[in-house]
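[1] Build me a structure from this.
(4 chains)
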Number of protein chains: 4
Amino acid sequence: MTSIDHLAARLRAFAAEREWGRFHTPKNLAMALAGEAGELLAELQWLTPEESSRVMDDQNAGARVRSELADVFLYTIQMADALGVDLVKAALDKMEENEARYDAAAYRGSARKAPPLS
Amino acid sequence: MTSIDHLAARLRAFAAEREWGRFHTPKNLAMALAGEAGELLAELQWLTPEESSRVMDDQNAGARVRSELADVFLYTIQMADALGVDLVKAALDKMEENEARYDAAAYRGSARKAPPLS
Amino acid sequence: MTSIDHLAARLRAFAAEREWGRFHTPKNLAMALAGEAGELLAELQWLTPEESSRVMDDQNAGARVRSELADVFLYTIQMADALGVDLVKAALDKMEENEARYDAAAYRGSARKAPPLS
Amino acid sequence: MTSIDHLAARLRAFAAEREWGRFHTPKNLAMALAGEAGELLAELQWLTPEESSRVMDDQNAGARVRSELADVFLYTIQMADALGVDLVKAALDKMEENEARYDAAAYRGSARKAPPLS
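    Below you'll find the predicted structure:
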């Protein structure tokens, strides 16, 4: 069993014991995920990009960032589980799509968006 | 190598080939992650919770939701990589914290938030 | 002076007194705005749509929702001020665009997205 | 009638003509608002804070940022309308709260968060 499958099973058991299953629709989980992503933003919003690169050096801020990122990850797993999506497979498919879409030479050093895939 | 380590390495190579490393500060990655979480919200915002549970039955909407969730996952991995956070370890720590915080009997069937850990 | 101009001026004075101006770049304000939008999501994430329509009947939850919505509004005003955007004019332009884009008869009762404007 | 009241009335008529009222629960509007805040993030995510301060100098990027900010504002107004919240009054109350909470001398030049109000 992979780490993600293990976490998904543990999250499922955690929710079942608390009878939280009915709350965990994809819609509600997407809101919870975005809410946690918002908490991550709040940790970094007043830092310069350079300061953000050193955020883990501060014990308190570092622990909060790690904790918020864990929340994002846990809701991502729960959402994939609720949707029946294989997260790693979906990520690999997306990597392939991105590799085709963003030609390395054409996009070198540029942050512009690629046109939609035809 | 776990699936997550594999994806992290592939994302690192992908960014390096395009010289995108300087864009990938924790601050910028948190914005990208929250932006993708926002796209996931947009896919589900006008659906009822019940409709959201069946979103994968619609081929087009299902593919979009899967793709947005993959984007969230990929940015979560990149962010953990940029911060030097072990994502699975952070998630396991958070699970333990949640198991201590949300007593199963006390929170059964209730969606209210637990008080902060003392 | 409109209410929005008054609030913008008061926010500017508030930030100036605290020497917070250097934090208030459009990038940082967008993060703060999205963070507050995330807190609003968190208040409503486990409610059904019907329950969310009655959230103001609960004194505590209602006060929190009102407060988060005020935060979103205040950061929206600060962001417009930092960018030199006339918020009301921008909103009126967008209304016109939406009225042209979403033909009333064609979109009646449908939540599907309009194709991009040509 | 203030600009906000005018926009709220026009949004209400726009939704009524398209029979979109049933979609506009506070829960759904919060999702739409956060989704638009996410689009705003996406416009600024790879810019440095300094570049973000000049984003309106670029005609295309500037128009997109203005348009996303308008979307955020329009959903904020719709949400306040759906909740029966007076947006300006709520913002003024929040300003007062912030003025009491963030003592000018104590928070000068500091971006740290104030402790919760007692």
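
[2] Low-confidence bits of chain A, can you list those?
    A:113-118 (pLDDT under 70).

[3] what about 50?
    Scanning chain A with the threshold set as pLDDT under 50 gives A:118.

[4] report the longest helix in chain A, please.
    Using DSSP state H, we find that the single longest helix of chain A is helix A:59-83.

[5] Could you check how far that one is from the centre of its chain?
    7 Å (Cα atoms, centre = their mean, to the nearest Å).

[6] Is that helix positioned near chain D?
    No: figure legend: helix A:59-83 not in contact with chain D (Cβ under 8 Å from any Cβ of the partner chain); closest approach 10.0 Å. Just so you know, the C-beta spots here come from the backbone N, C-alpha and C atoms, and that holds for glycine as well.

[7] Can you list the buried residues in that helix?
    By neighbour count on 16 or more other Cβ atoms under 10 Å in any protein chain shown, the buried set for helix A:59-83 is A:61-62, A:64-83.

[8] ok, now stretch A:95-103?
    Buried, per 16+ other Cβ under 10 Å, within stretch A:95-103: A:95, A:98, A:102.

[9] need the contact list for the closest residue in space to residue A:67 that isn't next to it in sequence.
    Spatial nearest neighbour of residue A:67, excluding adjacent residues (Cβ to Cβ, 6 or more residues apart in numbering or on different chains): residue B:94 at 6.3 Å. Contacts of residue B:94 were listed using Cβ atoms under 8 Å, 6 or more residues apart in numbering or on different chains, and they are A:67, A:70, A:71, A:74.

[10] Run through the residues that contact the residue lying closest to residue A:80 once chain neighbours are set aside.
    Excluding the flanking residues, the one nearest residue A:80 by Cβ to Cβ, 6+ apart is residue A:87, at 4.3 Å. Neighbouring residues of residue A:87 by Cβ under 8 Å, 6+ apart: A:4, A:76, A:77, A:80, B:69, B:70, B:73.

[11] Show me where chain A has its helices.
    According to DSSP H, the helices that chain A contains are A:3-17, A:26-44, A:49-53, A:59-83, A:87-101.

[12] Residue D:41 is nearest to which of those?
    Closest approach to residue D:41 among the helices of chain A is made by helix A:26-44 (7.9 Å; Cβ to Cβ).

[13] can you tell if that closest one touches chain C?
    Yes: for helix A:26-44, a contact with chain C is found by Cβ under 8 Å from any Cβ, at A:28, A:31, A:32, A:34, A:35, A:36, A:37, A:38, A:39, A:41, A:42, A:44.

[14] now that helix against helix C:26-44, angle please.
    140 degrees (axes from the mean of the first three to the mean of the last three Cα atoms, to 10 degrees).

[15] Give me the helices and strands touching helix A:26-44, please.
    Counting contacts by 3 or more Cβ pairs under 8 Å, 6 or more residues apart in numbering or on different chains; DSSP states H and E, helix A:26-44 packs against helix A:59-83, helix B:26-44, helix B:49-53, helix B:59-83, helix C:26-44, helix D:26-44.

[16] what angle separates that helix from helix A:59-83?
    Using the same axes, to 10 degrees: helix A:26-44 against helix A:59-83 is 160 degrees.

[17] Get me the contact residues on chain A for chain C.
    Neighbours of chain C within chain A, by Cβ under 8 Å from any Cβ: A:23, A:28, A:31-32, A:34-39, A:41-42, A:44-46.

[18] run the last query once more with 7 Å
    Contact residues, chain A versus chain C (Cβ under 7 Å from any Cβ of the partner chain): A:23, A:28, A:31-32, A:34-35, A:37-39, A:41-42, A:45-46.

[19] quick one: which of those is nearest chain C?
    Chain C has its nearest neighbour among these in residue A:38, at 1.9 Å by Cβ to the nearest Cβ.

[20] Hmm, the closest one is touching residue C:35, no?
    Yes: with contacts counted by Cβ atoms under 7 Å, residue A:38 reaches residue C:35, the gap being 4.6 Å.

[21] re earlier: need the contact partners of the longest helix of chain A.
    Residues outside helix A:59-83 that contact it (Cβ atoms under 7 Å, 6 or more residues apart in numbering or on different chains) are A:4, A:7-8, A:11-12, A:24, A:26, A:29-30, A:32-33, A:36-37, A:39-40, A:43, A:55-56, A:87, B:33, B:56, B:65, B:69, B:72-73, B:76, B:79-80, B:83, B:85, B:87, B:90-91, B:93-94.
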